[in-house]
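Chemist: Sequence first, predicted coordinates after that:
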Amino acid sequence: MKLLLITAIKEFESEVKNILVKSGSKSFTYNSVKGYKNCNNTNLSDNWFASSYTETDSLLFTVFVPKENTPLILKKIEEFNAEQETLSKIHIALVALEQQF
């Protein structure tokens, strides 16, 4: 079992949901969050959000999936990000779970 943490701007909500459903995710939660990064670095690729010193309406998805579902989710997110002309992308972190109840 894996825990996926996915962040994306609010405008990508339906795309993230579609990716999760089409990749076999049975359930997930998501919450509205404010994305912020205090970054005076000119390298925006290090910034999860499009610009520095501003808050961005974003979403945080929490997803529990079987380990075998993760490659498809990662692939679909990578494909989606590759098609984007905006600085903002969908970001994902995978956490292996040692115990679950």
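Modeler: Looks like it came in fine. Numbering: from 1, shown residues only.
Chemist: Going by neighbour count, which residues of the biggest helix by length in the chain are buried?
Modeler: The helix that spans the most residues within the chain, counting by DSSP state H, is helix 70-83. In terms of neighbour count (16 or more other C-beta atoms under 10 Å), helix 70-83 has its buried residues at 70, 73, 76-77, 80-81. All C-beta atoms are positioned from the backbone trio N, CA, C, and that covers glycine.
Chemist: Looking at those, which is nearest residue 89?
Modeler: residue 81 (4.4 Å; C-beta to C-beta).
Chemist: Just the CA atoms of the longest helix of the chain, as CSV, please.
Modeler: The C-alpha trace of helix 70-83 is given here as CSV (Å, rounded to 0.1, in the frame of the first residue of the first chain):
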residue,chain,number,x,y,z
THR,A,70,1.3,3.8,-8.6
PRO,A,71,3.2,3.4,-11.9
LEU,A,72,0.0,4.3,-13.9
ILE,A,73,-0.8,7.3,-11.7
LEU,A,74,2.8,8.6,-12.1
LYS,A,75,2.7,8.0,-15.8
LYS,A,76,-0.6,9.9,-16.3
ILE,A,77,0.7,12.8,-14.1
GLU,A,78,3.9,13.0,-16.1
GLU,A,79,2.0,13.0,-19.4
PHE,A,80,-0.4,15.7,-18.1
ASN,A,81,2.5,17.9,-16.9
ALA,A,82,4.4,17.4,-20.3
GLU,A,83,1.4,18.9,-22.1
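Chemist: continuing past that helix, what's the next helix or strand?
Modeler: Following helix 70-83 in sequence order, the next helix or strand is strand 91-96 (DSSP states H and E).
Chemist: Point out the other helices and strands that that next one packs with.
Modeler: If you count contacts as 3 or more C-beta pairs under 8 Å, 6 or more residues apart in numbering; DSSP states H and E, strand 91-96 packs onto strand 2-9, helix 70-83.
Chemist: Tell me the strands beside the first one, with direction?
Modeler: Just to be clear, that refers to strand 2-9. strand 56-65 (antiparallel), strand 91-96 (antiparallel) (DSSP bridges).
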